[in-house]
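S.K.: Generate coordinates for the sequence data below:
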Amino acid sequence: MNSGSFNIFQTTFLLTLKHLLNIMKKTTLLVLFFIGFVFTEAQTKEELESQKSEKQAEADAIQAEANAIQATINALPGWRVGAFGTIGGSLSNFSNWYSQGAPNNSSGNIGFTVNAYANLIEEKFFWKNALTTNLNWVKLDNKDSNLDDDSFSPTTDVFNLSSLYGKNLSEKWAVSGLLEYRTTILDNFNDPGYLDLGVGFTWSPLKDFLVVIHPLNYNFVFSKGDTVFDSSLGAKIVADYTKQLGDISFKSNLSMFQSYKSGDLSNWTWTNSFGYTLWKMFGVGFDFGLRNNKQEALNYALNQFEPTSGNTEPNFNNVDNDLQTYWTLGLSYKF
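M.R.: Numbers count the residues shown, from 1 in each chain. From the prediction side, this is the model:
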């Protein structure tokens, strides 16, 4: 290689090396910038998450203080009054809708439940009053027939009113007296009607939960005419749990009467109500109830019995005492 070619080669090599060094420098700066950006971004996210955790801890502490203040307010003597329940219903009208059996008809369903309370809590005594009711009406008017009824007819009919007074013996026990009245109010009012009057003790293991134990209780049963219903002396057990957890309202009540005269005169009723508030005082609610009463089952069977049918007349020994149930789903309210 002569000197001229060597100089050209040297110059080209140096220029190429310089160019590569410039590219490597820019690449290195770009990589360092990217690493720094990622690190800064990660650091910023960690800082924000840390700030969020701090703020959440502060909010939780404030909420805990508010809950403690509310608990103190709730523990003060005085009246506690409130109510919640469900409202449901639908209306429809059909004209010339030939694909169904009754092309011209109007129908509807309206119902509501109420769980209300008025409780007086004092240091030495308490007086708790409760109202539970579930009422429902339905109608189906076939406009092409003159034989049906176009009015709303009652279907669900539950009414329960109770008043419990207790004199505190200790933090959890009290000597108590209970008055409880149950009937229907839309149809066959007070036929039957049940009035329990009794004395005994009340156990309150929790603030929102109590158990009434009354070994001396008289169950008055009211009815019209010559019926199977009978009053008797017995024991009364009531368990009630009423709770408010944020937007959730819950009430469960079990009322049992055990007759000393005959097991056929015993009965129990268990009602439950749930409400979830979605906006202000309104939300969704669900109620259901179970009941067992052999006197009611026999009375119904006798009313359906045809003496000329050849079947055996119903009595306490052969009657089907099926479990009575109801449920309601709809719009809930509370105040």
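S.K.: what's the nearest residue to the residue nearest to the spatial centre of the chain if we skip its chain neighbours?
M.R.: Geometric centre of the chain, nearest residue: Phe274, 0.5 Å, by Cα atoms, centre = their mean. Nearest residue to Phe274 in three dimensions, chain neighbours excluded: Phe286, at 4.8 Å (Cβ to Cβ, 6 or more residues apart in numbering). Just so you know, the C-beta spots here come from the backbone N, C-alpha and C atoms, and that holds for glycine as well.
S.K.: buried sites along the helix or strand where the one you found lies?
M.R.: Per DSSP states H and E, Phe286 falls inside strand 282-293. Buried residues in strand 282-293, counted by 16 or more other Cβ atoms under 10 Å: Gly283, Gly285, Phe286, Asp287, Gly289, Arg291, Asn292, Asn293.
S.K.: Make TSV from those residues and add pLDDT and distance to Gly310 to it.
M.R.: Output for these, formatted as TSV (pLDDT from 0 to 100; distance: Cβ to Cβ, whole Å):
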residue	pLDDT	distance to Gly310
Gly283	90	54
Gly285	89	48
Phe286	89	44
Asp287	89	42
Gly289	91	36
Arg291	93	31
Asn292	94	30
Asn293	94	28
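S.K.: Adding distance to Leu178, write these out as TSV.
M.R.: Listed next are those as TSV, based on distance: Cβ to Cβ, whole Å:
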residue	distance to Leu178
Gly283	32
Gly285	27
Phe286	28
Asp287	23
Gly289	20
Arg291	19
Asn292	20
Asn293	19
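S.K.: Please save the CA atoms from stretch 94-109 in CSV.
M.R.: Extracted C-alpha coordinates of stretch 94-109, given in CSV (Å, rounded to 0.1, in the frame of the first residue of the first chain):
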residue,chain,number,x,y,z
PHE,A,94,-103.9,-5.1,27.8
SER,A,95,-106.3,-4.5,25.0
ASN,A,96,-106.9,-6.9,22.1
TRP,A,97,-103.8,-8.9,23.1
TYR,A,98,-105.0,-12.1,21.4
SER,A,99,-101.9,-14.2,22.1
GLN,A,100,-103.0,-14.6,25.7
GLY,A,101,-106.1,-16.2,27.2
ALA,A,102,-107.7,-12.9,28.4
PRO,A,103,-106.8,-10.4,25.6
ASN,A,104,-108.5,-7.5,27.4
ASN,A,105,-107.5,-7.2,31.0
SER,A,106,-105.9,-5.0,33.6
SER,A,107,-103.8,-6.3,36.5
GLY,A,108,-101.9,-4.9,39.4
ASN,A,109,-99.9,-5.7,42.5
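S.K.: biggest separation within the buried residues of strand 282-293, which pair?
M.R.: Maximum pairwise distance among the buried residues of strand 282-293 (Cβ to Cβ): 32.5 Å, between Gly283 and Asn293.
S.K.: any chance you could map the helices in the protein?
M.R.: All helices of the chain, identified by DSSP state H, fall at 3-75, 294-304.
S.K.: Worst mean pLDDT among those helices?
M.R.: Ranked by mean pLDDT, the helices of the chain bottom out at helix 3-75, which scores a mean of 66.
S.K.: How far does stretch 251-265 stretch from one end to the other?
M.R.: Stretch 251-265 has an end-to-end distance of 27 Å (Cα to Cα, to the nearest Å).
S.K.: Same question for that stretch: list its buried residues.
M.R.: Applying 16+ other Cβ under 10 Å to stretch 251-265 flags Lys251, Asn253, Leu254, Ser255, Met256, Phe257, Gln258, Ser259, Asp264, Leu265 as buried.
S.K.: Please apply the same query to stretch 173-187.
M.R.: Applying 16+ other Cβ under 10 Å to stretch 173-187 flags Ala174, Ser176, Gly177, Leu178, Glu180, Tyr181, Arg182, Thr183, Thr184 as buried.
S.K.: Hmm, which of those residues is lowest in pLDDT?
M.R.: Lowest pLDDT within these is found at Thr184 (90).
S.K.: Quick check, it in contact with Thr155.
M.R.: No. Contact criterion Cβ atoms under 8 Å: Thr184 and Thr155 do not qualify, at 11.2 Å.
S.K.: Partner strands of the strand holding Phe286, with direction?
M.R.: strand 267-279 (antiparallel), strand 324-334 (antiparallel) (DSSP bridges).
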